[in-house]
Structure formats: C-alpha cells, structure tokens
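[1] here is a sequence together with a model predicted from it:
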Amino acid sequence: LSPLGTLRKPAIRRKTAELFERYRFPAPSPNVEVRRLTLAERQVVEIAKALARAPSTLILDEATSALPPRETEWLLGLARQLAASGMLVVFISHRIAEVRQVADRLTVFRNGMTVAAHRTTAVSDDEIIAAMLGRRLERLYPERTRTATERVALRARQVSVGRRLSGVDLDLHEGEVLGIAGLQGHGQRELFQALFGVVRPRGEIEIWGKPAQMRGPRHALGRLGIAMVPEDRRNQGLLLSKSVRENLTLSVIPRFSRFGILNAARERALVDEMIGFLRIKAGTPEQLAGTLSGGNQQKVIFGKMLLTEARILLLYDPTRGVDVGTKGEIFQLMRDLAGKGYAILFYSSDLAELVHVADRVAVMRNGRVAATLDGDELSEQRILRAAMFEN
C-alpha cells in the first residue's frame, strides 16, 4: 500500500510477474480479469496466490483436477521442487499415479478417519483402492452393451460459436454414449455450452427430429429436455450454502407443487428416492451441499439432472476430482441410462474413460470434428493422433 492506503498497481504487477517467473507459472497475463479465465487458468491463479504468501506448508487439495496434462506435469514438478527446498507439501488427490509421482508417504482417509499409511513405494494400487473403498474394486468400467437405436436424439449441422467452434456436425442417437475428445481449447467447452443454450450458436440443431432454437439453459431444460453436468460443479452446478434437498429439487418445483402450494411430502419422497438411488452420503437431506465430499457433490448434480426427466444429457468431465469408487458408479449409471434410451454426450479429459465407456468418440481439432472413432478404431493412441494430426 502507498502512504495514503491506496494500492500501488505498478508494484503489484511487478511482484506478480516476478512470482510467475520464479515458479514458471503457465499463467495468463496478470492484467486479465479473473472472470474471463478458464477453470484451469483460475486454478493456476489460486496456486500462485498461495505461493505469494511464502508459506512453510502448502496444501494442494485436488489441485490437478481442473488442469490439463501440461499444467499437471508442471504442478507435480513444482511440488517436488518445493519439497526439496524444505517446504512441507500436502498433496491431496484421487489420482494414484500422481500421488506416486510426487509423494514420499501417503495416508488414506475414509469417512473422516485414517485407515492406512504407507511409504509410497511400499503399497500397490489395488491395496490403496481397497483402503479407500473399504472393499476390493471388482472393476472400474462396466460391461459395454450396444444400446443405441437408429433414432437421432440430437443432430447438429455446421454449429459454430465465435472463433472456437467452427462448423461442427454430429449425430447423437437414442441409447448412445457419444464421447467427445480433443486437446484442451479446441472447442469442447463451446460445443457443450452451445447445445445447452449458454451461448447462442450459429448453424442448425434438431432435437428428436424437430428443428430447435437454443434460447438459453432454461429453455433447453424445460422445453427441449436437455440437462447438463457442468465443468465446475462448485460454481456452476451447486448452491453450496443450500441443503442437499434444496439443490436436488429447486429445478423441479412443479413436480411437487400445485397452484403455488408446495407438497412437502411429495418433495421428501423425491429427495429420499434420489439419495437412495445414487447412494449419496449425507447425514440428512438438510446437510449443506458445500460440506459434502467431491464425489457426493457430483452425485447431487446427477440427481438434480435426473429429477428433471430430461432425456438428452450433456456430461462435461463428470468424474473430475471424484474418488475411484464414485467414478465406477458414474460409469455404471451412464451405461444404465443409455440402456433406458437416454442420449448421452460425454466429454472427458481422461482418454481411458472415453475408450472404455463411450460407444463412439468424436475427436475435435480446431473447433471441428476431425474424426469419429468406434469399434476396433477406438483407442487412446488413435484419439491422440486424430486430435493432433491431419488425417
């Protein structure tokens, strides 16, 4: 601060630039407003803010969950560098490979209690997962049975948004899980936003064979039967200061009200049914959503989506930052819903998820669908090749 108590902006900019240079931050310009940053860029700013205080202890709580591969490698290297300099680094993650790469010792929590502690090299992945779940995980990915029909639930032709999305064509079928892949920043986010009406796209969209205009999320949900699990569950998907009950039912009040009068018993029945169906771990339906684990927060978002009775589901990286047990439950739910005729568009930053869960994968490059892979063609290597190189 200046002697008058005002901010010295040139000094702030200089110190920010020094901080970014010292730790080689993959950060945007210090002059960009935070509200204009992507989720990954905001995560990097959070890490910078923590290091600006020159702490003796740094806690990284799921810090890589929102980061693409290049930034993840940077952060893992930085964590090791800081630990080597004498700082205590606590690295919290559900990604076992990252824990192995960065940690000397690991501790497993379950239900708020320590259930295991080991040197990282002294325990297997299966033992870690069993400690996390309290049981052996039989399989992560469900059996994939083809359930897609010839009926097209959502058809997009030459859909464009600004400079990031440029003439996308795709067909999503009833009973299908269609994966979306691509390097970060090649139009995946804009595609999902366009199909949910967050942004107004150019081009043609048909829903169940009828032309549709995307007039906003409320129209997409209420009139078109499209629901979305967003990228950032804490800021876009939940009201953290509201209860599990309120988060589940705020979007579906007409289902338990008549003439403006709420039917509390009907609401309670809907909430109890969804909590039981998704196995949401909450003390009571009145527990605040912000106090739940990441996996249970994501289940609340799925429950809210399912209660809308929408039949076209847009899932944007739905397993980001959740535990391995919840991942398995989400994958099984996706396949079960597809078997019931739901049409699911599924983006994941984890290529293995796309390969093992999706029926087909549309690979995006430079704002377009560069290739669509299925059957024997569907592999991580072919997805990467399509994302990076011209055919």
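    Received it, and whenever you're ready, just let me know what you need.

[2] all helices of the stretch 1-150 of the chain, in order?
    Remark: helices assigned in the stretch 1-150 of the chain by DSSP state H, counting those that start in this stretch are 9-23, 39-51, 69-84, 96-102, 125-133.

[3] any chance of the ones you listed in TSV, plus distance to residue 348, mean pLDDT and mean neighbour count?
    From N, CA and C alone the C-beta is placed, and that goes for glycine too. Shown next, in TSV, are the helices of the stretch 1-150 of the chain (distance: least, Cβ to Cβ, whole Å; pLDDT from 0 to 100; neighbours: other Cβ atoms under 10 Å):
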stretch	distance to residue 348	mean pLDDT	mean neighbour count
helix 9-23	29	86	13
helix 39-51	15	89	17
helix 69-84	13	92	17
helix 96-102	16	91	16
helix 125-133	20	86	16
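
[4] closest to residue 215 out of those?
    Closest approach to residue 215 among those is made by helix 39-51 (25.2 Å; Cβ to Cβ).

[5] now that closest one against helix 9-23, angle please.
    Put simply, helix 39-51 runs at 100 degrees to helix 9-23, going by axes from the mean of the first three to the mean of the last three Cα atoms, to 10 degrees.

[6] quick one: residues in contact with helix 39-51.
    16, 19-20, 23, 25-28, 34, 37, 58, 60, 63, 66-68, 71, 75, 184, 231-232 (Cβ atoms under 8 Å, 6 or more residues apart in numbering).

[7] drop anything exposed from these.
    16, 19-20, 23, 25-28, 58, 60, 63, 66-67, 71, 75, 231-232 (16 or more other Cβ atoms under 10 Å).

[8] rewinding a little: mind putting the helices of the stretch 1-150 of the chain into TSV with distance to residue 273?
    Listed next are those as TSV, based on distance: least, Cβ to Cβ, whole Å:
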stretch	distance to residue 273
helix 9-23	49
helix 39-51	32
helix 69-84	38
helix 96-102	34
helix 125-133	25
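
[9] closest to residue 307 out of those helices?
    Closest among these, using Cβ to Cβ: helix 39-51, at 25.5 Å.

[10] tell me the angle that closest one makes with helix 69-84.
    10 degrees.

[11] only alpha carbons, please: show helix 39-51 as PDB.
    Extracted in PDB, the C-alpha atoms of helix 39-51 (Å, rounded to 0.1, in the frame of the first residue of the first chain):
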ATOM      1  CA  LEU A  39     -11.300 -23.100 -14.900                       C
ATOM      2  CA  ALA A  40      -7.800 -24.400 -15.400                       C
ATOM      3  CA  GLU A  41      -6.400 -20.800 -15.500                       C
ATOM      4  CA  ARG A  42      -8.300 -19.900 -12.300                       C
ATOM      5  CA  GLN A  43      -6.800 -22.900 -10.700                       C
ATOM      6  CA  VAL A  44      -3.300 -21.700 -11.600                       C
ATOM      7  CA  VAL A  45      -4.100 -18.300 -10.100                       C
ATOM      8  CA  GLU A  46      -5.200 -20.000  -6.900                       C
ATOM      9  CA  ILE A  47      -1.800 -21.800  -6.600                       C
ATOM     10  CA  ALA A  48       0.000 -18.500  -7.300                       C
ATOM     11  CA  LYS A  49      -2.000 -16.800  -4.600                       C
ATOM     12  CA  ALA A  50      -1.000 -19.400  -2.100                       C
ATOM     13  CA  LEU A  51       2.700 -19.200  -3.000                       C
END
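
[12] quick one, helices of the stretch 151-300 of the chain?
    Under DSSP H, counting those that start in this stretch, the stretch 151-300 of the chain gives helices at 188-195, 217-222, 244-249, 264-278, 294-307.

[13] closest to residue 202 out of those?
    helix 188-195 (9.0 Å).

[14] that closest one versus helix 39-51: what angle between them?
    Using the same axes, to 10 degrees: helix 188-195 against helix 39-51 is 120 degrees.

[15] now residue 329, nearest residue through space, not along the chain?
    The shortest distance from residue 329 to any non-neighbouring residue, by Cβ to Cβ, 6 or more residues apart in numbering, is to residue 279 (7.1 Å).

[16] domain parsing for this structure?
    Structurally, the chain divides into domains by automatic domain parsing as follows: 9-103, 152-388.

[17] save those domains as a markdown table, and put in distance to residue 109 too.
    Output for the domains of the chain, formatted as a markdown table (distance: least, Cβ to Cβ, whole Å):
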| stretch | distance to residue 109 |
| --- | --- |
| domain 9-103 | 9 |
| domain 152-388 | 10 |
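
[18] so of those, which one's packed in deepest?
    Ranked by mean neighbour count under mean count of other Cβ atoms under 10 Å, those are led by domain 152-388, which reaches a mean of 19.

[19] residue 126 contacts residue 135, correct?
    No - at 11.5 Å, residue 126 does not count as touching residue 135 under the criterion of Cβ atoms under 8 Å.

[20] now residue 225: phi and psi?
    phi 70, psi 40 (degrees, to the nearest 10).
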